[in-house]
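# Okay, here's the prediction I keep looking at, along with the sequence it came from:
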Amino acid sequence: MTKKILITGGAGFIGSHVVRRFVIQYPQYHIYNLDALTYAGNLENLRDIEEAPNYSFVKGDIVDADFLDQLFAEHDFQGVVHLAAESHVDRSITDPLAFVMTNVIGTVNLLNAARKAWKGNMKDRRFYHVSTDEVYGELHDPGEFFLESTKYDPRSPYSASKASSDHFVRAYYNTYGLPVVISNCSNNYGPNHFPEKLVPLMIHNIIQNKPLPVYGKGENIRDWLYVEDHARAIDVIYHRGANGETYNIGGHNEWKNIDLVLLLCQIMDQKLGRAEGTSQQLITYVTDRAGHDLRYAIDATRLKEELGWEPSLQFAEGLEKTVDWYLTNQTWLDNVTSGNYQKYYDAMYEGR
C-alpha cells in the first residue's frame, strides 16, 4: 500500500529539498506538497520532479482550518512533515501578526486536522514539526551550545511564534497522544534560497555590483548547515526518531557574519574573474537589527549518537557548490527577484 505523506511549505527553500528527497528516495510513498505560494514559495524549485508519479502539488493555506479538515478527510495521510512558516526575522518585526497567523494558528490547525483524522488510529502515524534554533535565544559563552533541554528564550516575533508552535506540538502529544517529533535546526544555506537571506542576498548583490548590507559590525555568529544535509536529517528523524522527542540539527560550523561575507566576496571574485578585493569594496555596514541575537550554536550530539546523522559537507565545499548553483541558475534568481515566478503560478492556479 502506498503511504501518503503531506509536506507543508514544500515549495519553499528547505521544503523543496525535503520534497525532492522523499519523492526520489521513497517511490512507495505518495508525497503531497501543500504550499500557499506566497512570496517565498516557488514551484520552479521542483521542476525536475513535478511529473513524478508519486508527487502531487496542492495549493492551500494552513490558516484555513476547514480546507485542512477536508484535505485530511480526502487523502487519509499517514504522515505530516510541517515546514510551512513565515521565517524572516526582519519581516516579523514589521508585521508580527502575520507570523502568529501562519506559525501558530496554522500549526494548531494542522494539529487539529491530524488529531481528528487519526483519532482512534495513531499506529504508524507521525506528525513532524520542523522548527528553529532561534527559539533558544542567544549565546554569549564560546563554550556554550544549544541542547534539546535548553530553556526557551525567544527574542524576536519570529522566534516567539516558532516557540509557541513548538509548545502546541508538545501539548498535543501529552494531551491527545498525537505521535509527534520536533527538530530545531541552525541556519541553512544552499540552492533555491530566497534572496532576502544572508547568503543568497550577498551572492545576488555581488553579481549586480550592489552594496552588501551587514548589520552592525558583522559580529553576530551563526552555525551554518547545507540544506541537503538538513533534508537528510529530516528523513532520518521522520523514520527513526522517537515519538514525543526533540532533535537538534546543526552544522558544527560557526561563522561571524562579516567573515562569511568576506569569504563569499573572495569566492565570487574568483568565479567572476574579478580582481581580488573587488567585491569586498561593496560591503556596507547598516544599523543593527532590533533584538539581534549575538550567537547561535547547536549541539547535535544526540542526533549523531541515537540516529547516526552528521553533516556530510565541509563548509568551503558547500559554499562553493552554492555559489556555482546561483551562477548557473541566474534566470531563476532574476525571476525570483523580479517576482515574475509568482505571476506565472498565480495564473496557473487561479480558481482552483
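Alright, I've got the coordinates. Residues are numbered from 1 along each chain as shown.
# Check the burial of residue 47 by counting its neighbours.
If you count neighbours by other Cβ atoms under 10 Å, residue 47 ends up with 10. Where C-beta positions appear, they are placed from N, C-alpha and C, glycine not excepted.
# What separation is there between it and residue 57?
Plainly put, residue 47 is 12 Å away from residue 57 if you go by Cβ to Cβ, to the nearest Å.
# All the strands of this protein, residue numbers only.
Remark: strands assigned in the chain by DSSP state E are 3-8, 29-35, 55-59, 79-82, 126-132, 180-185, 187-189, 212-215, 221-226, 246-249, 254-256, 283-286.
# quick one: which of the ones you listed is nearest residue 318?
Comparing the strands of the chain by their distance to residue 318 (Cβ to Cβ), the top pick is strand 221-226, with 4.0 Å.
# Could you list the buried residues of stretch 129-141?
When burial is assessed from 16 or more other Cβ atoms under 10 Å, stretch 129-141 yields the following buried residues: 129-139.
# So what's the model's average confidence on that stretch?
Over the span of stretch 129-141, the pLDDT mean works out to 95.
# Can I get that stretch in CSV? Just the C-alpha atoms.
Written as CSV, here are the backbone C-alpha positions of stretch 129-141 (Å, rounded to 0.1, in the frame of the first residue of the first chain):
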residue,chain,number,x,y,z
HIS,A,129,7.2,19.7,13.2
VAL,A,130,10.3,21.5,11.8
SER,A,131,11.5,24.4,14.0
THR,A,132,14.5,26.6,14.5
ASP,A,133,17.3,27.1,17.0
GLU,A,134,16.2,30.7,17.4
VAL,A,135,13.6,29.6,20.0
TYR,A,136,16.5,29.1,22.4
GLY,A,137,17.5,32.8,22.4
GLU,A,138,21.2,33.7,22.2
LEU,A,139,24.6,32.5,23.5
HIS,A,140,27.5,34.5,24.9
ASP,A,141,29.9,31.9,26.3
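# one step back: export the strands of the chain to TSV and tack on distance to residue 167?
Rendered in TSV, the data for the strands of the chain read as follows (distance: least, Cβ to Cβ, whole Å):
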stretch	distance to residue 167
strand 3-8	19
strand 29-35	23
strand 55-59	27
strand 79-82	14
strand 126-132	10
strand 180-185	10
strand 187-189	23
strand 212-215	29
strand 221-226	23
strand 246-249	12
strand 254-256	28
strand 283-286	34
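# Run through this protein and note the low-pLDDT ranges.
For the chain, the stretches with pLDDT under 70 are 1, 339-352.
# Please repeat the previous calculation with a cut-off of 90.
1-2, 38-42, 87-90, 120-121, 140-143, 194-197, 252, 288-294, 313-316, 330-352 (pLDDT under 90).
# for it, what's the longest helix?
For the chain, the helix reaching the highest residue count under DSSP state H is reported as helix 157-176.
# you'd agree residue 42 is up against residue 191?
No: using Cβ atoms under 8 Å, residue 42 and residue 191 do not qualify as a contacting pair, with a distance of 11.8 Å.
# re earlier: for the buried residues of stretch 129-141, which one is nearest residue 231?
Within those, the smallest distance to residue 231 is 10.4 Å, found for residue 130 (Cβ to Cβ).
# Please determine how far the closest residue to the closest one other than its chain neighbours is located from residue 185.
Using Cβ to Cβ, 6 or more residues apart in numbering and skipping the chain neighbours, the partner closest in space to residue 130 is residue 83 (4.7 Å). The spacing between residue 83 and residue 185, counted by Cβ to Cβ, is 10 Å.
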